[in-house]
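1. sharing a model that was predicted from the sequence below.
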Amino acid sequence: MSYEITKAVKDEDVKFKSPDPAFYNALGYDGMQELMYKFYDRIYDSDIAHFFPQDHEEFEEVKKKNTKFFIQICGGPSIYDEEMKGKDLDQYMIDIHKDFSIYLKSRDEWLGTFRTVLEELEIEQKIKDDFWDYLDKFSKLTVNKWPKESAYIN
Ligand code: HEM
């Protein structure tokens, strides 16, 4: 099934791989930018909007920065490197999210929003499925607020 959100589990050793460059090749630089701006514009109207700057100009900066990351991770030019100052890209990305309380529900909303923009994107489904696989897996590593274990189960 396309766009399945698989369960995130605390302390799981999540194995993921960067998206196939076929995604970047199909969209090109401008297409990637269009997709990501559309995604963040929907995030701005979503249930997780409060995580992001409310100031319009600041939000535009987030959009630009995050778009650079997605262009790079999808095999486009290394335009995000300047932001992370020589650190490991995957670890840096996990660390950035530690400043926010990201719940399972926040991940669901984030992925659900991404799903809507991917559904509207007219490229081969298997290329989109590969990109989704990256989003589904990597997003598990951004979750840092887990449900408390029940005191009634032993
Ligand atoms: C595949 C999963 C994800 C990827 C690849 C990703 C990527 C990014 C990137 C590139 C940034 C910008 C980092 C920088 O400052 O340079 C960022 C920031 C952020 N992300 Fe994510 N993200 C993911 C999942 C999520 C999820 C599930 C949430 C849920 C709320 C989230 C919330 C945020 C927030 C709040 C910021 C900071 C925005 C700011 O600068 O104020 N992200 N993310």
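-> Looks like it came in fine.

2. can we go C-alpha only for contacts and neighbour counts from here?
-> OK.

3. just the helices in the chain please.
-> For the chain, the helices defined by DSSP state H cover 22-44, 56-73, 81-84, 89-97, 104-119, 125-138.

4. weakest of these by average pLDDT?
-> Of all those, mean pLDDT reaches its minimum on helix 81-84 (a mean of 76).

5. give me the pLDDT value at Ile79.
-> For Ile79, the pLDDT comes out at 93.

6. could you report the neighbour count for it?
-> Residues within reach of Ile79, counting by other CA atoms under 10 Å, total 15.

7. the residue nearest to it when sequence neighbours are not counted and the ligand, how far apart?
-> Spatially, and ignoring its direct neighbours in sequence, Ile79 is nearest to Lys68 (5.8 Å; CA to CA, 6 or more residues apart in numbering). Per CA to the nearest ligand atom, to the nearest Å, Lys68 is found 7 Å from the ligand.

8. from memory Lys68 sits against Tyr80, does it?
-> Yes - look at Lys68 against Tyr80 with CA atoms under 8 Å: they come within range, at 5.1 Å.

9. those two: which is more packed in?
-> Remark: of Lys68 and Tyr80, Lys68 carries more neighbours, 22 against 18, as counted by other CA under 10 Å.

10. distance-wise, check that one relative to Asp108.
-> Per CA to CA, to the nearest Å, Lys68 is found 23 Å from Asp108.

11. equivalent analysis for Met32, please.
-> Distance from Met32 to Asp108, by CA to CA: 22 Å.

12. and those two? Which one has more around it.
-> Legend: neighbour count by other CA under 10 Å for Met32 and Asp108, higher for Met32 (21 against 18).

13. leaving out sequence neighbours, find the closest residue to the residue nearest in space to the middle of the chain.
-> Against the mean C-alpha coordinate of the chain, by CA atoms, centre = their mean, the closest residue is Leu135 at 5.4 Å. Using CA to CA, 6+ apart and skipping residues adjacent in sequence, the residue nearest Leu135 is Leu111, 7.4 Å away.
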